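Participant: Need coordinates for the below:
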Amino acid sequence: MQVEAGTLLKTINYPSDLRNLKEEQLQEVCRELRQYIIDIVSVNGGHFAASLGVVELTVALHYVFNTPYDQILFDVGHQAYGHKILTGRRDTFHTNRIYGGISGFPKRSESEYDTFGVGHSSTSISAALGMAVASHYKGEKNRQHIAIIGDGAMTAGMAFEALNHAGVENSNLLVILNDNCMSIDPNVGALKEYLTDITTSQSYNQFKSDVWKILGPISKFGPNAREIVKKIEKSIKGSILKQSNFFEALKFRYFGPIDGHNVEHMAKVLEDLKHIPGPKLLHCLTVKGKGYALAEQDQTKWHAPGLFDKITGEIKKSTPTTPQPPKFQDVFGHTIVELAEKNPKIMGITPAMPSGCSLNIMMKAMPDRAFDVGIAEQHAVTFSAGLATQGLVPFCNIYSSFMQRAYDQVIHDVALQKLNVVFCLDRAGVAGADGPTHHGAYDLAFMRCIPNMIVSAPMNEEELRNLMFTAQQDNMGPFVIRYPRGNGVMPDWKRPMQAIEIGKGRKICDGEEIAILTIGAIGNQAVKACAELSAEGVNPAHYDLRFVKPLDEELLHEVFKKYKKIITVEDGCLMGGMGSAVLEFMTDNGYSAQIKRLGMPDKIVEHGEQTELYAECNYDWNAIIKTVKTMIEASSTKKMIAI
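Facilitator: Below is the predicted model of the structure:
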């Protein structure tokens, strides 16, 4: 749906147009930009509150800095909607996150203004520092590099590593700390409390504005003046607020906190900072969801609300007349509480995604046994390992694509020590509109190669519950349960749990001539395909492996002895995945069969609805039907030729 932009906004095709406006017009630009985001997202969906909170900051940045020559990096992509609209994508913004449309995150291949691709958080300072060092090396002395990082993203170790390095490089780097006390859920940890101390210190805030007004302009008059300013400023800050030395201890000049919604003041401050060399940090206070009252009041709910009525705020949801299957994440959330009520050893851990993975259910019911550790996947894994050494059973819930960030910890801290950590990998397989940064493409491949690891995937909600029940048994060791984003297939899902034999698959249906092997929820596509084929008189067998490690060798021996045509289907990468494991088994055991593997190809899969991506990658139910028919027809043709 195309939406009409406001009077000023429709004249801004690129930031150069914005810079032709007068400073007093910026507030109206912000109003129109915020309204445009509301208008589009309300009817098309997407992330919402994050971009509303940085409208003024985005406008001020593009007004002051010479983008794209000056390089702006948004740390978390879902706050970059305003940036996209101001940088040549206003008229295509309605295609945001839609199959074939523009990405919901900054993407280098999409625009020269998107200086770095993002999706996972906490990368901006490292990347901006790399750019700044490169510019210094190439003699580009006046080129600016600005990293906008949310306070939630500051909880990741990578951000601190980058700050530590940047402080000694003395490169032309500006870090803007967008402080709104939120990631998707409210921020946690000591850093949040530290920033709160700064923002609520009355004595510090009374002095800092006047100090900057006096000292800031002086610093423009050469190196000697700058050194004097630094000493005076440091002395005043140190005496007024001892804690402000945190960033300055890393050799950053700290400025702020300032109101991130006063666009004219922001522009003035950024203009001043542009002339101060070396690493600087500007602390901006913003409100996630700013300008839309309901989003300000419930920022987690309005992070990505789906379609809604922009006037009433009613979130549009269809009301089915029959019971619907739950989301896999909610099955996890309710089941871990059910298990923990009976097993006092169970603990829950998530890196900043309690509502996204539904661990918030346990956090509410058992606050002393569920932990949000911030955007810190590496820490989440090793923290879980520490719990496991003391006889506890941690369920560490991390999105599949985010688990990639903690791979070393999985191997070194969990697998080598055979610790009973249960990794629940949400969003496994294609993740939909979030696109390639969020697709859980690789977990089957990178987990099954690790010694001591059990790797499983439930086909439905009941199987998820049974696998969770199995994983918390004594001395189980490292255990992976991966499941997709979205709803399952069982409205009547809350059934008594029972243990599953490790490495044991199951036969869904017997058949003739050809067998389909699946793992995980994508097996339901095969169920649909088999039903369609059966109506046409074609009856393939269907087996659900359940485990990619260890494989059910007894089941596979049965398959290879009976069938010479086999199709493997997985919602994950083909290279090294379940199909590869089946091929390895065939070779190792001297079998010979025609095998066709269906799954994610060796390419970057872009964004779109899951069903659209299944079809694009050729492993939806229709693709399975075509593959079965093709293999059978090829066999029939060979027989006729032989006759």
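Participant: what ranges do the strands span in the stretch 401-550 of the chain?
Facilitator: Along the stretch 401-550 of the chain, the stretches classed as strands by DSSP state E, counting those that start in this stretch are 422-426, 454-456, 479-482, 506-509, 514-518, 541-544, 547-549.
Participant: want to throw these into JSON lines with distance to Ala433, mean neighbour count and mean pLDDT?
Facilitator: C-betas here are computed from N, CA, C, even on glycine. Formatted as JSON lines, those follow (distance: least, Cβ to Cβ, whole Å; neighbours: other Cβ atoms under 10 Å; pLDDT from 0 to 100):
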{"stretch": "strand 422-426", "distance to Ala433": "16", "mean neighbour count": "28", "mean pLDDT": "98"}
{"stretch": "strand 454-456", "distance to Ala433": "27", "mean neighbour count": "26", "mean pLDDT": "98"}
{"stretch": "strand 479-482", "distance to Ala433": "20", "mean neighbour count": "26", "mean pLDDT": "98"}
{"stretch": "strand 506-509", "distance to Ala433": "30", "mean neighbour count": "15", "mean pLDDT": "97"}
{"stretch": "strand 514-518", "distance to Ala433": "25", "mean neighbour count": "27", "mean pLDDT": "98"}
{"stretch": "strand 541-544", "distance to Ala433": "28", "mean neighbour count": "24", "mean pLDDT": "98"}
{"stretch": "strand 547-549", "distance to Ala433": "27", "mean neighbour count": "25", "mean pLDDT": "98"}
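Participant: For Asp70, which of the ones you listed is the nearest?
Facilitator: strand 422-426 (37.7 Å; Cβ to Cβ).
Participant: for the closest one, packing partners?
Facilitator: helix 328-342, helix 354-357, strand 393-399, helix 400-403, helix 461-471, strand 479-482 (3 or more Cβ pairs under 8 Å, 6 or more residues apart in numbering; DSSP states H and E).
Participant: can you list the strands of the stretch 401-550 of the chain in TSV and add distance to Ser171?
Facilitator: TSV is the format used below for those (distance: least, Cβ to Cβ, whole Å):
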stretch	distance to Ser171
strand 422-426	37
strand 454-456	43
strand 479-482	41
strand 506-509	58
strand 514-518	51
strand 541-544	54
strand 547-549	45
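Participant: Which among the ones you listed is found nearest to Ala385?
Facilitator: Comparing those by Cβ to Cβ, strand 422-426 comes nearest, at 11.1 Å.
Participant: Longest strand of this structure, counting residues only.
Facilitator: Across the chain, the longest stretch assigned as strand under DSSP state E is strand 565-573.
Participant: what helices or strands is it leaning on?
Facilitator: Looks like strand 565-573 contacts helix 443-448, strand 514-518, helix 523-535, helix 578-588, strand 594-600, helix 621-642 (3+ Cβ pairs under 8 Å, 6+ apart).
Participant: again, only this time at 7 Å
Facilitator: Secondary-structure packing of strand 565-573 (3 or more Cβ pairs under 7 Å, 6 or more residues apart in numbering; DSSP states H and E): helix 443-448, strand 514-518, helix 578-588, strand 594-600, helix 621-642.
Participant: neighbouring contacts of the second one?
Facilitator: Taking contacts as Cβ atoms under 7 Å, 6 or more residues apart in numbering, the residues outside strand 514-518 that touch it are 526, 540-545, 559, 563, 565-569, 582, 624, 628, 631-632.
Participant: Taking helix 523-535 as reference, get the angle to that strand.
Facilitator: Interaxial angle, strand 514-518 versus helix 523-535 (axes from the mean of the first three to the mean of the last three Cα atoms, to 10 degrees): 160 degrees.
Participant: Please give the element, helix or strand, for Ser51.
Facilitator: Using DSSP states H and E, Ser51 maps to helix 49-52.
Participant: Show me how far that helix is from its chain's centre.
Facilitator: 16 Å (Cα atoms, centre = their mean, to the nearest Å).
Participant: Over to stretch 139-158?
Facilitator: 19 Å.
Participant: Would you list the buried entries among the contacts of strand 514-518?
Facilitator: 526, 540-545, 559, 563, 565-569, 582, 624, 628, 631-632 (16 or more other Cβ atoms under 10 Å).
Participant: between the helices and strands packed on strand 422-426, which gets nearest to Val55?
Facilitator: Of the helices and strands packed on strand 422-426, nearest to Val55 by Cβ to Cβ is helix 354-357, at 24.0 Å.
Participant: could you dump the helices and strands packed on strand 422-426 to TSV with distance to Glu56?
Facilitator: Below are the helices and strands packed on strand 422-426 laid out as TSV (distance: least, Cβ to Cβ, whole Å):
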stretch	distance to Glu56
helix 328-342	34
helix 354-357	27
strand 393-399	31
helix 400-403	30
helix 461-471	44
strand 479-482	41
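Participant: domains in the chain, as residue ranges please.
Facilitator: 67-88+103-201+241-287, 328-482, 507-642 (automatic domain parsing).
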